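# coords please:
(one chain, ligands or ions: 2)
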Amino acid sequence: MEMLLKMKLLFINKFRSIQLNNLTSNLGFLFYPTIKRNSDLKLFILWVFKEISPLTQLHQKTTSLPFSFSATSFTGKGIEIRERIMVKICCIGAGYVGGPTMAVIALKCPAIEVAVVDISVSRINAWNSDQLPIYEPGLDDVVKSCRGKNLFFSTDVEKHVAEADIIFVSVNTPTKTRGLGAGKAADLTYWESAARMIADVSKSDKIVVEKSTVPVKTAEAIEKILTHNSKGVNYQILSNPEFLAEGTAIEDLFAPDRVLIGGRETLDGQRAIKALKAVYAHWVPEERILCTNLWSAELSKLAANAFLAQRISSVNAMSALCEATGADVAEVSHAVGKDTRIGHKFLNASVGFGGSCFQKDILNLVYICECNGLPEVANYWKQVIKVNDYQKNRFVNRIVSSMFNTVSGKKIAVLGFAFKKDTGDTRETPAIDVCKGLLGDKAHLSIYDPQVTEEQIQRDLSMNKFDWDHPLHLQPMSPSSVKQVSVVWDAYEAAKGAHGLCILTEWDEFKKLDYKKIYDSMPKPAFVFDGRNVVNPQKLREIGFIVYSIGKPLDSWLKDMPAVA
Ligand SMILES: NC(=O)C1=CN([C@@H]2O[C@H](COP(=O)(O)OP(=O)(O)OC[C@H]3O[C@@H](n4cnc5c(N)ncnc54)[C@H](O)[C@@H]3O)[C@@H](O)[C@H]2O)C=CC1
Ligand SMILES: O=C(O)[C@H]1O[C@H](OP(=O)(O)OP(=O)(O)OC[C@H]2O[C@@H](n3ccc(=O)[nH]c3=O)[C@H](O)[C@@H]2O)[C@H](O)[C@@H](O)[C@@H]1O
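Ligands and ions are numbered 1, 2, ... in the order given. From the prediction side, this is the model:
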């Protein structure tokens, strides 16, 4: 059969059963790969656009899921289409989530134009420079391969929002520090202002996607803001929470365990889900894209973080018992994790979990439980945070009590400040609480982290709790620096002349340090407090150190000392 006819038939068959409203998204997402490979492309495209254009115009007028169209252009031998039916995505919030997720969408979907916008000029400038604002393995390559092609970073928030078909909102959702729910509830100020701005500037229908982690039922509130200010524009709200972990963000985005999309159970809601699903379907296998109702998607994100944090608090609670009994927490978690029902991941005892989300999201969950009259459930989850605080306090108390009950005037070297390895992020890092605890006992700290700057460490140590979770320009600008803290760029320099050395982040390089050299540079007795179980305590004891490792059998020096917070 003549190729052109074949293609027309294929086209007609393929789209016969599809409603007009879905036609264009299907054209864009499904059909393009087929026609791209055909030699009769030019004639076929002309046919499609002659016949289909009127329909697409109609589509734009009638559907609640608008898609932008650009003219096709033919180059060279008439084979290549440079521009075609194109979806435009805009992401509000160019942070740890917005930046990497959008970069990966742009990489995997060359047909989609992605604009990432932010009110922070310095952040956007950094995204447009060689020095990206966040450190994340693999991110540079992804950004470099799409930036300026189909990935753009801009402060022109309103323009990109107005042009977009799908708007992701990935702004801060900090813990409230004042008023109703202070210390627990999520502060939705930034979300609300983003929603109001979307309503102000939108002239065409939009799919608005919750990417930030938000309380259950936020979509309802957002829907109200948008529809009450809609000026005839239709909005569909989807919940598409993000599960990436920092340090492995690109890996996680390339091969997610699952992508979760929640939407309304109406026809329009289901269409919106389909449109977003089509974006992820470019690289995520169909069975990994889970579609649910809105509230399940919103709650699943809070539940997932709560479950993960709960595992860490469980193993950390065990670590205290190990120290009291002579058991070794690494052996216990290995034995427990061998049970396939439990699994081995996320069972590493530590000085406590950190990061921008676990604590915030559990507090948020606790607040939601309380508001729904479920105090027992709220208390259950609250305990996860209490154990985490206990673990950090216990660590500080171990240091102070080992060193003759005072660290006043003593130099303590701190290795690692980020909340985990392979990131420069310090939000809610346990290092802040440990350092503040030691400073409270008048220690002098010499801190080294391969990815965290002096300015950041000083800010973190002088900022109030939760102040960090706001756009940069709204954070306290020049907090006074803490005098007993120096920040150095080498672990050996940090340790020189220190009475004790504590390891607070599990950077690989801390495993390979020359601890004999370090020992020789320290006054005696020399102590190592390993909050991440990165060193071999036995080897260090052979050098001469007094060693405390979380959840490991205690050094004889520590045995009679008070252990608990
Ligand atoms: N960091 C992480 O690994 C993960 C974070 N999340 C959630 O994603 C959300 C964002 O988190 P991050 O990216 O870490 O935060 P972030 O602080 O790195 O980024 C948020 C960005 O939003 C911008 N912003 C705030 N209000 C704005 C507005 N009205 N218009 C334009 N830009 C605005 C800020 O300037 C900031 O650059 C939070 O809800 C968080 O809980 C979810 C999964 C993982
Ligand atoms: O919502 C979020 O922000 C994200 O929170 C976590 O990701 P992240 O905080 O980047 O890093 P994790 O690897 O989960 O580590 C969190 C903290 O727990 C600590 N941890 C982790 C694992 C473990 O076994 N023990 C332990 O102490 C880490 O050192 C770190 O301080 C979740 O893993 C992500 O799925 C989620 O998307």
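# ok, the most centrally placed residue in the chain to I237 distance?
Geometric centre of the chain, nearest residue: V97, 4.8 Å, by Cα atoms, centre = their mean. Distance, V97 to I237, by Cβ to Cβ, to the nearest Å: 18 Å. (C-beta placed from N, C-alpha, C; glycine too.)
# residue contacts, the residue of the stretch 451-565 of the chain found nearest ligand 1?
Using Cβ to the nearest ligand atom, the single residue of the stretch 451-565 of the chain nearest to ligand 1 is P471, 3.2 Å away. Applying Cβ atoms under 8 Å, 6 or more residues apart in numbering to P471 gives the contacts D118, I119, S120, V171, N172, Y190.
# pretty sure the second one contacts V157?
Yes - judged on Cβ atoms under 8 Å, I119 makes contact with V157 at a distance of 6.6 Å.
# tell me the mean pLDDT over stretch 387-407?
For stretch 387-407, the mean pLDDT works out to 96.
# next, the buried residues of that stretch.
Neighbour counts using 16 or more other Cβ atoms under 10 Å place 387-388, 390-400, 402-403, 407 of stretch 387-407 among the buried residues.
# quickly name whichever of these is closest to ligand 1.
N388 (17.3 Å).
# please name the nearest non-neighbouring residue to that closest one.
G352 (4.8 Å; Cβ to Cβ, 6 or more residues apart in numbering).
# where does the stretch 151-300 of the chain come near ligand 1, residue by residue?
Counting by Cβ under 6 Å from any ligand atom, the stretch 151-300 of the chain comes close to ligand 1 at 157, 170-173, 190, 193-194, 212-213, 242, 244, 246.
# and for the chain?
92-98, 118-120, 123, 157, 170-173, 190, 193-194, 212-213, 242, 244, 246, 356-357, 471.
# could you rerun that using 5 Å?
Proximity of the chain to ligand 1 (Cβ under 5 Å from any ligand atom) is limited to residues 92-93, 95-97, 118-120, 123, 170-173, 190, 193-194, 212-213, 242, 246, 356-357, 471.
# let me see the ranges of the strands in the stretch 51-200 of the chain.
With strands called from DSSP state E, counting those that start in this stretch, the stretch 51-200 of the chain shows them at 74-75, 80-81, 88-92, 113-117, 151-154, 166-169.
# the third one - what's its average pLDDT?
Taken as a whole, strand 88-92 has an average pLDDT of 97.
# using CSV, write out the CA atom coordinates for it.
Presented in CSV, the C-alpha positions along strand 88-92 are these (Å, rounded to 0.1, in the frame of the first residue of the first chain):
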residue,chain,number,x,y,z
LYS,A,88,4.7,24.1,27.7
ILE,A,89,5.6,23.4,31.3
CYS,A,90,6.4,26.0,33.9
CYS,A,91,7.7,25.2,37.4
ILE,A,92,7.4,27.8,40.1
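# can you list contacts of that strand?
The list of residues contacting strand 88-92 from outside it, by Cβ under 8 Å, 6+ apart, reads 68, 98, 101-102, 105, 112-118, 157, 160-161, 163-171, 194, 198, 211, 279.
# and if we set it to 7 Å?
In this structure, residues lying in contact with strand 88-92 by Cβ atoms under 7 Å, 6 or more residues apart in numbering are 68, 98, 102, 105, 112-117, 157, 160-161, 163-171, 194.
# for ligand 1, give me its nearest residue in the chain.
For the chain, Cβ to the nearest ligand atom, closest residue to ligand 1: G95, 1.9 Å.
# for burial, what's the neighbour tally of the closest residue to ligand 2 within the stretch 401-550 of the chain?
Among the residues of the stretch 401-550 of the chain, K420 lies closest to ligand 2, at 3.8 Å counting by Cβ to the nearest ligand atom. Residues lying near K420 (other Cβ atoms under 10 Å) number 21.
# same check, this time on K496
Look at K496: counted by other Cβ under 10 Å, it has 17 neighbours.
# report the contact partners of the closest residue to it other than its chain neighbours.
Nearest residue to K496 in three dimensions, chain neighbours excluded: S521, at 4.6 Å (Cβ to Cβ, 6+ apart). By Cβ under 7 Å, 6+ apart, the contact set of S521 is Y492, A495, K496, G497.
# where does the last one land in three-state SS?
The three-state label given to G497 by DSSP: H, G, I helix; E, B strand; the rest coil is coil.
# skip the chain neighbours and tell me the closest residue to it.
Per Cβ to Cβ, 6+ apart, closest to G497 is K411, 5.7 Å.
# bridging residues for that neighbour?
Beta-bridge partners recorded for K411 (DSSP bridges): H444.
# distance between stretch 304-311 and the chain's centre?
With Cα atoms, centre = their mean, to the nearest Å as the basis, stretch 304-311 stands 15 Å off its chain's centre.
# sorry, slip of the keys, the one I care about is stretch 400-408.
37 Å.
# any of the contacts of S521 buried? List them.
Buried among those (16+ other Cβ under 10 Å): A495, K496.
# columns distance to ligand 2 on top of the contacts of S521, output as TSV?
Converted to TSV, the contacts of S521 look like this (distance: Cβ to the nearest ligand atom, whole Å):
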residue	distance to ligand 2
Y492	24
A495	22
K496	27
G497	29
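# quick one: the contacts of S521 as JSON lines, columns for pLDDT too.
Formatted as JSON lines, the contacts of S521 follow (pLDDT from 0 to 100):
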{"residue": "Y492", "pLDDT": "98"}
{"residue": "A495", "pLDDT": "98"}
{"residue": "K496", "pLDDT": "98"}
{"residue": "G497", "pLDDT": "98"}
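# between the contacts of S521, which is nearest S300?
Minimum distance to S300 across those is 44.4 Å, recorded for A495 (Cβ to Cβ).
# who are the contact partners of the closest one?
So, once contact is read as Cβ under 7 Å, 6+ apart, A495 ends up touching A413, L501, I518, S521, M522.
# burial measure for the second one, as a count.
To tie it back to what came earlier, the one meant is L501. Applying other Cβ under 10 Å, I find that L501 has 28 neighbouring residues.
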